[in-house]
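Visitor: This is a predicted model, with the sequence first.
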Amino acid sequence: MISPQTVLLLTPEIIILGVATAIYVGGTCCSCRSMWSWLAALGLLAAGVALYRQPVEASFNGPLAADSLSHYVRWL
């Protein structure tokens, strides 16, 4: 069972996957490249904000271990 803390730690990755899926599926209907690039930029910005709002202290929730090293790698 996945705890709510695990889902909160994965929020930036969930945002990126959701936006990428929307671009991939939406690109089959509409070929407006500038719109998709803006949507990608907004998705990355939203994921960055979600990552910025997460605490940096070490936490071990279910299958994830979040510490300062993992936080640094996620920013890369």
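Guide: Okay, I see it. Numbering: from 1, shown residues only.
Visitor: quick one: Leu45 and Tyr72, what's the gap?
Guide: 20 Å (CB to CB, to the nearest Å). Glycine gets a C-beta too; all of them are placed from N, C-alpha and C.
Visitor: Next: Ala41.
Guide: 23 Å.
Visitor: which secondary structure element contains the residue nearest in space to the middle of the chain?
Guide: Centroid-nearest residue in the chain, with CA atoms, centre = their mean: Pro12, separated by 2.2 Å. If you go by DSSP states H and E, Pro12 is part of helix 11-26.
Visitor: For the helix or strand that that helix is followed by, buried residues please.
Guide: Toward the C-terminus, helix 11-26 is succeeded by helix 33-52 as the next helix or strand (DSSP H and E). Neighbour counts over helix 33-52 (16 or more other CB atoms under 10 Å) mark Trp36, Leu39, Gly43, Ala46, Ala47, Ala50, Leu51 as buried.
Visitor: same for the host helix or strand of Tyr72, what does it pack against?
Guide: Assigned by DSSP H and E, Tyr72 belongs to helix 68-75. Counting contacts by 3 or more CB pairs under 8 Å, 6 or more residues apart in numbering; DSSP states H and E, helix 68-75 packs against helix 33-52.
Visitor: Residues in contact with the helix it packs on: which ones?
Guide: Residues outside helix 33-52 that contact it (CB atoms under 8 Å, 6 or more residues apart in numbering) are 11-13, 15-16, 18-20, 22-23, 26-27, 71, 74-75.
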